[in-house]
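> Here's my sequence, what's the structure:
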Amino acid sequence: MNRFYVPFQAELKNIWIDSSESHHIIHVKRLKIGDNIVLFNGTGMECNAKIIEIDGNKVRVEANQYKTVNKENTVGVDIAFAVPKGKRSHFLIQKCTELGVRKLIPTNYTHSVVKLKAESSEKIEKWRKIAIEASKQCGRNTITEISGVVDFHNILKKLDIYDLPLLAFNQPDSNNLRNTLQEHPKPNNIVSFIGPEGGFTSNEIEMAKEAGCKFVSLGQRTLRVETAAIAVSAILSYHYSV
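Just a heads-up that it's a prediction; the model follows:
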């Protein structure tokens with residue numbers, strides 16, 4: 001069934017779709033009056049709908065069978081990632097959304113190759129569109145939140161909202177990630193810091209220790225930012241779903 005994102009309110013009978021989704025319905029999927037689709041609103045609810053009118057670039061549907069479908073992880077996972085170069089960030093956003101990450105936080109580290117300014121709204125908006133498309137594809141009714149850009153030292157000041165702050169750090173004194181997760185069987189909220197490929201500075205390491213981060217290893221190989229983010233997301237999703 002074709003799925004489309006429309007931030008609707010529950011129990012509406014008729015819904016006009018006049019965003020980029022209507023373009024997708026008309027020109028990409030080439031759907032017609034009478035075709036059935038599924039709408040989801042990004043906050044957990046979906047409904048069946050039938051196309052009853054196409055007016056230019058607008059589509060009107062008749063909605064029914066509203067229901068809440070929860071396909072989210074049992075643990076809220078946020079990933080604070082160093083922004084990789086080029087379109088590698090698109091892959092990171094897409095796959096972390098598919099894996100059920102709650103929030104992705106673009107973070108500036110000292111050795112970040114790409115450092116975003118707080119007003120980098122165009123890139124953030126692009127990432128949000130990628131997250132919507134990934135949710136459509138994978139069947140989630142909730143969309144991964146893409147936050148504004150933050151500096152590493154600022155997010156460390158807000159760690160009290162997390163039960164388990166992790167920092168992926170491939171060093172001899174880092175604990176095995178599996179062992180760390182076994183020591184924390186029932187966290188509600190996790191944040192994992194994925195640093196730049198140039199590594200964390202000694203100052204960043206000390207700040208993270210003082211803030212209470214758990215240093216964990218993802219193995220003996222050096223991973224690209226997007227690989228590390230996806231690996232952590234997959235491991236956390238699997239570990240806390242069994």
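> Following element in sequence after the helix or strand of the chain with the lowest mean pLDDT, please.
One helix or strand of the chain scores below all others by mean pLDDT, DSSP states H and E: strand 175-176, with a mean of 87. Next helix or strand after strand 175-176 toward the C-terminus (DSSP states H and E): helix 177-182.
> can I see the domain layout of this protein?
If you go by automatic domain parsing, the domain ranges for the chain are 3-68, 76-239.
> Using the three-state scheme, assign residue 24.
With DSSP: H, G, I helix; E, B strand; the rest coil as the basis, residue 24 sits in helix.
> Could you double-check that residue 131 lies in contact with residue 95?
No. Residue 131 lies out of contact with residue 95 (Cβ atoms under 8 Å); the separation is 10.8 Å. All C-beta atoms are positioned from the backbone trio N, CA, C, and that covers glycine.
> Looking at the two, which is more packed in?
Neighbour tally, residue 131 and residue 95, criterion other Cβ atoms under 10 Å: the higher count belongs to residue 131, 24 against 18.
> right, and the helix or strand after the helix or strand containing that one?
Assigning secondary structure by DSSP H and E places residue 131 in helix 121-138. Going down the chain from helix 121-138, the next helix or strand is strand 145-146, by DSSP H and E.
> what's next to that next one, contact-wise?
With contacts defined as Cβ atoms under 8 Å, 6 or more residues apart in numbering, strand 145-146 is touched by 93, 102, 103, 104, 106, 124, 127, 128, 131.
> Tell me which two of these sit farthest apart.
102 and 124 (16.6 Å; Cβ to Cβ).
> Which of the two has more residues huddled nearby?
The neighbour comparison of residue 102 against residue 124 (other Cβ under 10 Å) goes to residue 102, with 18 against 15.
> Now do the same contact list for the nearest residue to the more buried one once chain neighbours are set aside.
Among residues not flanking residue 102 along the chain, residue 76 sits closest, at 4.5 Å (Cβ to Cβ, 6 or more residues apart in numbering). Contacts for residue 76 (Cβ under 8 Å, 6+ apart) come out as 102, 103, 188, 189, 190.
> Which residues does residue 76 form beta bridges with?
The residues listed as beta-bridge partners of residue 76 by DSSP bridges are residue 189.
> and what of residue 60?
residue 16, residue 53.
> now the helices for the chain?
20-23, 88-98, 121-138, 152-156, 177-182, 202-211, 225-239 (DSSP state H).
> For residue 42, find the nearest of these.
helix 121-138 (7.4 Å).
> Perfect, that will be all.
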